[in-house]
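J.: sequence and predicted structure, then a few things I'm wondering about:
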Amino acid sequence: MRSIWIVGALCLLATWFFAHLYQGLLTAYEQSGTLTEMEYSWFFRLLLNLAGYSTILLPGFILYKYVDRSNYFDKINGSGCLSQVLLSCFGEPTERLPESTKPTKVVETSARAEGAELAFCFTGLMGTYLVWGLLQEKIMTQNYVMSDGSLVKFNDSQFLVFINRLLAFSIALGRLLCARKPFVAAPLYKFSYCSLTNIISAWCQYEALKYVSFPTQVLSKSCKVIPVMLMGKLVSRNKYELYEYVTAVLISAGMALFMFGSRDDYSESTMTTMSGVTLLALYMVCDSFTSSWQGALFTQYSCDPMQMLCGVNLFSCLLTAAALVHHSSTATSIQLLQHPVFATDCLLLSLSSAVGQLIIYRTIAKFGAVVFTIIMTLRQAVSILLSCLVYGHNVSVGGAFGVLLVFGAVLLRVYCRQRLRRRRPADI
């Protein structure tokens, strides 16, 4: 159809227009000393990031609406290269087996093999995410000594998100190619929703380290229980038991005790503290939507974990690259990559993040979410202990009680879930 080429040309023109508009806004921001020096300058940087993402999302939305309203796939034979690309991006896959006809795998393993697998998952998750957490704090809070003796502090959270997502996409794509699995299991555009919230949550997570300590950020993740439950009811219409609501309140109360009872070296003013709290809240909302949307895609399309990882990180790379291409700080970040210590930190951070995601999928597939929750709870406890020892963060008695309350509530949640499953084995 000739009209699709016209729409494609209009989308390219829209991309060019939005890119130049974004470049103008970015230049105006960087030349405005007032905005860049404000305590809430992160808010304007976030708006600029969204403007950069729009250079990809808005033209894609225009193309999607045309394909949808014109019933494009009903009018073509699907043999052309352009048709195949559009079908991968916006078309529904036609070769999906019904749930009732899907074969089930029965795998028999010995107790020794199962124990070895559990030990591998435990040590893998513990090692990768301990390294990831410590390197995340080091990159965002420490100075790097350059060859001329000057001190440089890395502050481009967007660039760090791009590096992490690029390596994760490369690993996932390589795994799919080696296994000869199809790249597309669901319409590609559906990965853009959770990809957008994923990179926003990652950006907020890195940016928050400028305003709160790492232990505060780690414990704030325990408060994700409530937004995850709300997103689950909103996106997937999930139902929750009474104990889940009770433990969610206890976790939130423990987090509040920690935040108000701890002495944070990074939070020297009320305004700075509010910036950190706002960034953490935005992180939790976006991250909750990401997991809920991914869960819905897993249920609807039976995606392979590698296909999910590849699709999400593909859009993450495109969106972050679109936001970075006009940033003046991008050139500085690339130059900083020539620093061997910084380059090594970025590489290890990205590897630990990507490998950690792979082990997460393996743990849940082998042992279920309960065992995974216990392992990640232990990882959080060790992360806080190591951060306090390495970076000298102080936690008061009230804050320590909050820590105990948070972890006690998580363990209570796991215990109640196990009891409920034993009483209702038919629901498992």
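T.: Great, that's in hand.

J.: helices of the stretch 51-200 of the chain, start to end?
T.: Defined through DSSP state H, counting those that start in this stretch, the helices belonging to the stretch 51-200 of the chain, from first to last, are 81-90, 111-141, 157-179, 191-208.

J.: what's the first helix or strand after the helix-or-strand element of the chain with minimal mean pLDDT?
T.: Per-element confidence for the chain was summarised using mean pLDDT, DSSP states H and E. The lowest value among helices and strands belongs to strand 262-263, with a mean of 51. Using DSSP states H and E, the helix or strand that follows strand 262-263 towards the C-terminus is helix 270-301.

J.: what residues sit buried inside that following helix?
T.: For helix 270-301, the buried set under the neighbour-count rule, 16 or more other C-beta atoms under 10 Å, comprises 272-273, 275-280, 282-298, 301. C-beta: built from backbone N, CA, C; applies to glycine.

J.: what does stretch 169-189 give?
T.: 169, 171-173, 175-176, 184-189.

J.: so for those, which is the shakiest by pLDDT?
T.: Per-residue confidence over the buried residues of stretch 169-189 reaches its minimum at V184, where pLDDT is 75.

J.: so how many other residues sit close to the closest residue to that residue other than its chain neighbours?
T.: If you skip the residues right next to it in sequence, V184 has S88 as its closest partner in space, 4.9 Å away by C-beta to C-beta, 6 or more residues apart in numbering. By the other C-beta atoms under 10 Å criterion, the neighbourhood of S88 contains 15 residues.

J.: wait, S88 sits on K190?
T.: No - counting by C-beta atoms under 8 Å, K190 is not a contact partner of S88; they are 11.7 Å apart.

J.: hang on, the earlier thing: of the helices of the stretch 51-200 of the chain, which is nearest W5?
T.: For W5, the closest of those is helix 81-90, at 8.0 Å, according to C-beta to C-beta.

J.: between helix 191-208 and the closest one, find me the angle.
T.: Angle of helix 81-90 versus helix 191-208, following axes from the mean of the first three to the mean of the last three C-alpha atoms, to 10 degrees, is 60 degrees.

J.: residues in contact with R362?
T.: R362 makes contact with C121 under the criterion C-beta atoms under 8 Å, 6 or more residues apart in numbering.

J.: that one belongs to a strand, doesn't it?
T.: No - assessed by DSSP: H, G, I helix; E, B strand; the rest coil, R362 does not belong to a strand; its assignment is helix.

J.: from C121, how far out is it?
T.: R362 sits 6 Å away from C121 when distances are taken as C-beta to C-beta, to the nearest Å.

J.: before we move on, what about S302?
T.: When C-beta to C-beta is applied, the distance between S302 and C121 equals 23 Å.

J.: which of these two has more neighbours?
T.: The residue with more neighbours, out of S302 and C121, is C121; 21 against 14, by other C-beta under 10 Å.

J.: do I have it right that the more buried one meets L358?
T.: No - using C-beta under 8 Å, C121 is not in contact with L358; the gap is 10.6 Å.

J.: returning to what we had before: ok, so of the buried residues of stretch 169-189, who is nearest D345?
T.: I171 (18.5 Å).

J.: show me what contacts the closest one?
T.: Applying C-beta under 8 Å, 6+ apart, the residues contacting I171 are 309, 354-355, 358.

J.: can you check V67 too?
T.: The contact partners of V67, taken as C-beta under 8 Å, 6+ apart, are 73, 86, 90.

J.: same list (the buried residues of stretch 169-189) but as a markdown table, adding distance to R413.
T.: Converted to a markdown table, the buried residues of stretch 169-189 look like this (distance: C-beta to C-beta, whole Å):
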| residue | distance to R413 |
| --- | --- |
| F169 | 33 |
| I171 | 32 |
| A172 | 31 |
| L173 | 36 |
| R175 | 32 |
| L176 | 35 |
| V184 | 36 |
| A185 | 32 |
| A186 | 31 |
| P187 | 35 |
| L188 | 35 |
| Y189 | 35 |
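
J.: quick check, nearest of these to T15?
T.: The closest of these to T15 turns out to be Y189 (C-beta to C-beta; 15.8 Å).

J.: tell me how far the closest one lies from G124.
T.: Applying C-beta to C-beta, one obtains 33 Å for the distance of Y189 from G124.

J.: before we move on, what about A248?
T.: 28 Å.

J.: okay, the two: which has more neighbours?
T.: Between A248 and G124, counted using other C-beta under 10 Å, the more crowded position is A248 (22 against 18).

J.: per the record, what domains does the chain have?
T.: Structural domains assigned to the chain are 1-91, 117-427, following automatic domain parsing.

J.: deepest of those domains, which one?
T.: When the domains of the chain are scored by mean count of other C-beta atoms under 10 Å, the highest mean neighbour count falls to domain 117-427 (a mean of 18).

J.: any idea of the mean pLDDT in stretch 400-412?
T.: Averaging pLDDT residue by residue across stretch 400-412 gives 77.

J.: helices of the stretch 301-428 of the chain, start to end?
T.: Applying DSSP H, counting those that start in this stretch to the stretch 301-428 of the chain gives helices spanning 305-324, 328-336, 340-367, 369-391, 397-423.

J.: quickly, which of those bottoms out on average pLDDT?
T.: Least confident of the helices of the stretch 301-428 of the chain, judged by mean pLDDT, is helix 369-391 with a mean of 61.

J.: who's in contact with the residue lying closest to S316 once chain neighbours are set aside?
T.: The spatial neighbour of S316 that comes closest, neighbours along the chain excluded (C-beta to C-beta, 6+ apart), is R165 at 3.9 Å. Taking C-beta under 8 Å, 6+ apart as the criterion, R165 is in contact with 199, 202, 313, 316-317, 320.

J.: quick check: the farthest pair among those?
T.: Of all pairs drawn from these, the greatest distance, 12.5 Å, lies between A202 and C317 (C-beta to C-beta).

J.: quick one: contacts for the residue sitting nearest the centre point of the chain?
T.: With distances taken as C-alpha atoms, centre = their mean, N198 lies nearest the centre of the chain, 3.9 Å away. The neighbourhood of N198, defined by C-beta under 8 Å, 6+ apart, consists of 286-287, 290, 312, 316.

J.: the same query, at a cut-off of 6 Å, please.
T.: If you count contacts by C-beta atoms under 6 Å, 6 or more residues apart in numbering, N198 has them with T290.
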